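A.B. asks: for reference, the sequence and a predicted model appear below.
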Amino acid sequence: MSNDKWKMEESGRMIASQSNSADSPRWPTLIPCVVAMLAIANLQYAWTLFTTDVTKSFHARLDQVQWALTFFVIAQTALFPISAYLVDRFGPRRIVTVASFLVAIGWVGAGWANSLPVLYAVYAIGGVGAGAVYSACVGVAMKWFPDRRGLCVGVVAGSYGFGTALTIRPIAYLIEHNGYRAAFIVFGAIQGVVVLVAAQFLRMPPVGWLPAGWEAIKAKVQRKVQQSARDYTPGEMLRSGSFYLLYLMMTLVTASGLMLTAQLKPIGVTYGYDKYAVFGGFTVLTLTLSVNQVLNGSARPFFGWVSDRIGRYDTMAMVFVMEAITITALTLVVARPTLFIIISALMFFFWGDIYSLFPAAIADIFGTKYATTNYGIQYTAKGIGSILAGPGAALLMTASHSWIPVFWGAVACNVIAAGLAVFWLKPRVARLVKEQGTEA
């Protein structure tokens, strides 16, 4: 076959792919992603409801019990690149189908566990499943929506943050009336089934697919969001300094948020908020947890949408600074129930942005083709952050007999990340995209 003929056929395939994409509605592809992410949210965000009872049942210290969440996050993040690669290789439906069983094992097994090592093991298995679901769903959003990447990744990631808001009260009720083991087993089974059903509807776009009129759309997007002109393989990404900047920033900000996610119930118990009734059967603690997850989930599509319009790195800097301010405020009002609820909610709102901004930034800088695998590598930063956030924060509190030093550590993480985003990463990416344009 001549070179010209090959080029004509390749061009025809690309045009056909784009034409098919234009006729195929994209938005429904997000629905199974949202459902699956809602189902796995409890594994991370509802964990804090179980810590006190698990500590008593196993006659263990809080920092020992918190290693279960740390192993969950490490398993979720360390195997995330492998899960993401498998999603790219075999498609999201097959991988998430397998993951649904792992998700169920995580909580059902935790309900049966009679020792800390067994609890660590089954919770880590749940982490593997949750990581596979997360990588598949975010990958679907990144590839179907290069023109609305921040918003659509935010919608999917927001479901992971929002999911626990729907189940905080029934889980807390089941723990109170039937024990934490029953809550683990019942909700573990439900979550596994929901993920299994959602998996059957997940799909990636065809190879070479682009939205109709992509060149015009890209030119418009490029004025606000710097996007790479080429696709970087995972190996090429790992040789880029921009990746390590993003990695450090995500580690810092993830650690600050996970400190408060993992420790919120112990903090609330310290101040008696688990017994302080407000209305409708809510205590200060359960109301705080519910409101936090609503705002945490809402933040992800909101700040993704904002970043599509003003740029990723300005949005990062703005939100990280606001997170630092709200954590500082929490140190001043932690002993006041109403302000504790309000400031905690704002804090989780500003923290939620990272799960839309970082995957969008990875796809912007390193291209769409390997975006699922590349973000899988980036996501391992969450595992490092979890070590600082779980046992690290618990040990710091034990040593100082106060949660205030934990709060100040979280403030420092956000201030450093904000400076890196706007003063270092933003100009670096602008130079990279400009150099690519010159080469082209």
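C.D. replies: Perfect, thanks for sending it.
A.B. asks: from memory residue 155 sits against residue 302, does it?
C.D. replies: No: contact between residue 155 and residue 302 fails when scored by Cβ atoms under 8 Å: they sit 10.0 Å apart. Glycine gets a C-beta too; all of them are placed from N, C-alpha and C.
A.B. asks: between those two, which one's more packed in?
C.D. replies: Between residue 155 and residue 302, residue 155 has the larger neighbour count (other Cβ atoms under 10 Å), namely 25 against 20.
A.B. asks: what does stretch 305-312 rub up against?
C.D. replies: Outside stretch 305-312, the residues that touch it by Cβ atoms under 8 Å, 6 or more residues apart in numbering are 148-151, 154, 221, 224-226, 315-316, 356-357, 360-361, 364, 426.
A.B. asks: how about it: buried residues?
C.D. replies: Buried residues in stretch 305-312, counted by 16 or more other Cβ atoms under 10 Å: 305-308, 311-312.
A.B. asks: with stretch 74-84 instead?
C.D. replies: Buried residues in stretch 74-84, counting neighbours by 16+ other Cβ under 10 Å, are found at 74-81, 83-84.
A.B. asks: give me the residues contacting the helix or strand harbouring residue 84.
C.D. replies: Taking DSSP states H and E as the criterion, residue 84 maps to helix 80-90. For helix 80-90, contacts defined as Cβ under 8 Å, 6+ apart pick out 95, 99, 128, 131-132, 134-136, 139, 234, 370, 372-377, 379-380.
A.B. asks: which of these fall in helices?
C.D. replies: Under the assignment DSSP state H, the contacts of helix 80-90 contribute 95, 99, 128, 131-132, 134-136, 139, 234, 372-377 to helices.
A.B. asks: rewinding a little: ok, of the buried residues of stretch 74-84, which one's closest to residue 64?
C.D. replies: Closest approach between the buried residues of stretch 74-84 and residue 64, by Cβ to Cβ: residue 74, at 15.8 Å.
A.B. asks: pretty sure that closest one contacts residue 386?
C.D. replies: Yes: counting by Cβ under 8 Å, residue 74 does reach residue 386; the two are 6.4 Å apart.
A.B. asks: helices of the stretch 151-300 of the chain, residue ranges please.
C.D. replies: Assigned by DSSP state H, counting those that start in this stretch, the stretch 151-300 of the chain shows helices spanning 168-178, 180-199, 214-222, 234-238, 241-270, 284-310.
A.B. asks: as TSV, these with distance to residue 114 and mean pLDDT would be great.
C.D. replies: As requested, these are arranged in TSV below (distance: least, Cβ to Cβ, whole Å; pLDDT from 0 to 100):
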stretch	distance to residue 114	mean pLDDT
helix 168-178	18	88
helix 180-199	10	94
helix 214-222	54	70
helix 234-238	41	92
helix 241-270	22	85
helix 284-310	27	84
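A.B. asks: in JSON lines, list these along with distance to residue 418.
C.D. replies: Shown next, in JSON lines, are those (distance: least, Cβ to Cβ, whole Å):
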{"stretch": "helix 168-178", "distance to residue 418": "30"}
{"stretch": "helix 180-199", "distance to residue 418": "35"}
{"stretch": "helix 214-222", "distance to residue 418": "24"}
{"stretch": "helix 234-238", "distance to residue 418": "23"}
{"stretch": "helix 241-270", "distance to residue 418": "9"}
{"stretch": "helix 284-310", "distance to residue 418": "14"}
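A.B. asks: right, so of those helices, which gets closest to residue 342?
C.D. replies: helix 284-310 (8.6 Å).
A.B. asks: list the buried residues of that closest one.
C.D. replies: Neighbour counts over helix 284-310 (16+ other Cβ under 10 Å) mark 284-308 as buried.
A.B. asks: and the next element down the chain from that helix?
C.D. replies: helix 312-333.
A.B. asks: return the set of buried residues in that following helix.
C.D. replies: 312-313, 315-331.
A.B. asks: what does stretch 403-416 give?
C.D. replies: For stretch 403-416, by 16+ other Cβ under 10 Å, it's 403, 406-407, 409-411, 413-416.
A.B. asks: stretch 84-93 now?
C.D. replies: Judged by neighbour count using 16+ other Cβ under 10 Å, the buried positions of stretch 84-93 are 84-88, 92-93.
A.B. asks: where in this protein is pLDDT low?
C.D. replies: For the chain, the stretches with pLDDT under 70 are 1-24, 161, 219-224, 262-263, 280, 436-440.
A.B. asks: need the CA coordinates for the host helix or strand of residue 415. CSV is fine.
C.D. replies: Element membership of residue 415 [criterion: DSSP H and E] is helix 404-420. Extracted as CSV, the C-alpha positions of helix 404-420 are listed here (Å, rounded to 0.1, in the frame of the first residue of the first chain):
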residue,chain,number,x,y,z
ILE,A,404,-4.3,21.9,67.3
PRO,A,405,-0.8,20.9,66.0
VAL,A,406,-2.5,18.6,63.5
PHE,A,407,-4.5,21.5,62.2
TRP,A,408,-1.4,23.7,61.8
GLY,A,409,0.3,20.9,59.9
ALA,A,410,-2.6,20.9,57.5
VAL,A,411,-2.4,24.6,57.1
ALA,A,412,1.3,24.5,56.2
CYS,A,413,0.6,21.8,53.5
ASN,A,414,-2.0,23.9,51.8
VAL,A,415,0.1,27.1,51.8
ILE,A,416,3.1,25.4,50.3
ALA,A,417,1.0,23.7,47.6
ALA,A,418,-0.6,27.0,46.6
GLY,A,419,2.7,28.7,46.1
LEU,A,420,4.0,25.8,44.0
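A.B. asks: who touches that helix?
C.D. replies: 245, 248-249, 252-253, 255-257, 259-260, 263, 316-318, 320-321, 323-324, 327-328, 330-331, 334, 388, 393, 396-397.
A.B. asks: ok, the nearest residue to residue 267 once chain neighbours are set aside - contacts?
C.D. replies: Nearest non-adjacent residue to residue 267, counting by Cβ to Cβ, 6 or more residues apart in numbering: residue 403, 5.4 Å away. By Cβ under 8 Å, 6+ apart, the contact list for residue 403 reads 263, 267, 270, 334, 397.
A.B. asks: can you give me every residue that contacts the last one?
C.D. replies: Going back to what we said before, that points to residue 397. 263, 266, 403, 405-406.
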